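Student: Fold the following, please.
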Amino acid sequence: CMAVGLLVASQTAWSASLKIGVVDFASLAKADPETETSRALLEKEVEDFDKEQRELVAQLDDMKTDFEAARKEGRNSALSEEAKGKKAEEAEQKFEDLRQFEQSLREKFAARQKELGDLKSRMRKRITTKLQGIITEYGKREGYALILDSSAVGLSGVEAIMFVSPTVDVTDSVIKMLSK
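Tutor: Below you'll find the model as predicted:
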């Protein structure tokens, strides 16, 4: 009975000496000026891609129109058989050019989408690494044993931390470190 009492007393003393805090990582990311800069850069890249895509699709539409016109000319009954044959070959070549251009567009669009995704991932990783470093620096300086992310969501889709006392939230203190 006495051993249980000592165990409970030592467990209570051990946990009381731990300094635990939480930080709202999502709020930190929003407060970081680099996040806005990265978002603006990514938006610019997406706008450039959209503009390029519209131009290439317009070029594709023009090629389709040219192909349809050449095909229609090849069926013109007013032309000689030789002229019809040349127009049919022309249409066939335009069709092949069109098919190759469509394929190159699909490949180009897929590659560009991957580039944008990679850029977004690199930006996110850079910001996350920076913020984790600042949180670690703060935690060591202030004597924390553990700082958790209060904005984290578990696999079930439910917030990972169900309750946290505002007295252990260090988000504002870490945000102040961002401006230094």
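
Student: Setting aside sequence neighbours, what's the nearest residue to the most centrally placed residue in the chain?
Tutor: By C-alpha atoms, centre = their mean, the mean C-alpha position of the chain lies nearest to Lys120, the distance being 4.1 Å. In space, and not counting its chain neighbours, Lys120 is closest to Leu42: 5.9 Å by C-beta to C-beta, 6 or more residues apart in numbering. The way it works is simple: take the backbone N, C-alpha and C, and place the C-beta from them, glycine included.

Student: tell me what the strand or helix carrying that neighbour is packed against?
Tutor: Leu42 belongs to helix 33-74 when assigned by DSSP states H and E. Under the contact criterion of 3 or more C-beta pairs under 8 Å, 6 or more residues apart in numbering; DSSP states H and E, helix 33-74 touches helix 81-142.

Student: and the helix it packs on, what's its mean pLDDT?
Tutor: The average of the pLDDT scores along helix 81-142 is 91.

Student: Please apply the same query to stretch 169-180.
Tutor: Averaging pLDDT along stretch 169-180 yields 88.

Student: again with stretch 54-61
Tutor: 91.

Student: Off-centre distance for the helix holding Leu42?
Tutor: 21 Å (C-alpha atoms, centre = their mean, to the nearest Å).

Student: ditto for stretch 160-173
Tutor: Worked out by C-alpha atoms, centre = their mean, stretch 160-173 lies 27 Å from the chain centre.

Student: Does Ile147 touch Lys19 like I think?
Tutor: No - checked against C-beta atoms under 8 Å, the pair Ile147 and Lys19 is beyond contact range at 9.3 Å.

Student: When those two are compared, which one has more neighbours?
Tutor: A direct count of neighbours by other C-beta atoms under 10 Å for Ile147 and Lys19 places Ile147 higher, at 21 against 13.
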